[in-house]
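A.B. asks: Starting from these lines, generate the structure:
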Amino acid sequence: MGLATAARHVPGAEGGTSVHQVRTEEDLLTVRHAVRAATVQAGFSIVDQTRVVTAASELARNAYIHGGGGTVTIDCLMSADTAGLRLTITDDGPGIADVGAALTDGFTTGAGLGHGLGGARRLMNDFELRSAAGQGTTVIATRWASR
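C.D. replies: I've put the predicted structure just below:
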């Protein structure tokens, strides 16, 4: 659902790229604040800010809970005249044995409701999940500012 034009990273833009460790519960709060600040900087509406922060929170929490920790990289993007944010969440955990099942609402391996991963996918324009048993998980999710 992303834009047809190629996105480019804006390395010189304020807040261009930032990388955040996810090792503690406090790190989850730091990620939320960093993503919120990046959405504001990119000119996202309050609704889109909430969408991206909610998705980032869920994905970072998954890396923390299921992956034993990881990193969240926030990239500011520009395509034509539209700003976007790309979140890359990586962990070195056990991986996801059945990605299709994990994206299905109601599926959980923990105590949650099983709506987080699929919900995060629905909140973003582009969503890619790479995982294999024993090889960790990487999620790359992009949202473009609505006009």
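
A.B. asks: Quick one: residues in contact with stretch 30-49.
C.D. replies: With C-beta atoms under 8 Å, 6 or more residues apart in numbering as the test, stretch 30-49 has contacts from 14-15, 18, 20, 22, 52-53, 56-57, 60, 72, 74, 76, 83-85, 87, 143, 145-146. The way it works is simple: take the backbone N, C-alpha and C, and place the C-beta from them, glycine included.

A.B. asks: first vs last residue of it, how far apart are they?
C.D. replies: 16 Å (C-alpha to C-alpha, to the nearest Å).

A.B. asks: which of the contacts of stretch 30-49 count as buried?
C.D. replies: 15, 20, 22, 52-53, 56-57, 60, 72, 74, 76, 83-85, 87, 143, 145 (16 or more other C-beta atoms under 10 Å).

A.B. asks: Centre of the chain to the longest helix seen in the chain, how far?
C.D. replies: The residue-count maximum for a helix in the chain (DSSP state H) belongs to helix 46-65. Offset of helix 46-65 from its chain centre (C-alpha atoms, centre = their mean, to the nearest Å): 6 Å.

A.B. asks: Show me which positions of the next helix-or-strand element following it end up buried.
C.D. replies: Going down the chain from helix 46-65, the next helix or strand is strand 70-79, by DSSP states H and E. Residues 70-72, 74-77, 79 are the ones in strand 70-79 that count as buried (16+ other C-beta under 10 Å).

A.B. asks: for stretch 97-106, same thing?
C.D. replies: Applying 16+ other C-beta under 10 Å to stretch 97-106 flags 102-103 as buried.

A.B. asks: So that it lines up with my notes, have the first residue be 326 from now on.
C.D. replies: Sure, I'll start counting at 326 from here, so that last one is stretch 422-431.

A.B. asks: Now do it, average pLDDT.
C.D. replies: Here stretch 422-431 scores 78 as its mean pLDDT.

A.B. asks: Ok, stretch 451-467 next?
C.D. replies: On average, stretch 451-467 scores 94.

A.B. asks: what are the ranges of the strands in the protein?
C.D. replies: For the chain, applying DSSP state E gives strands covering 333-334, 342-347, 395-404, 407-416, 451-456, 462-469.
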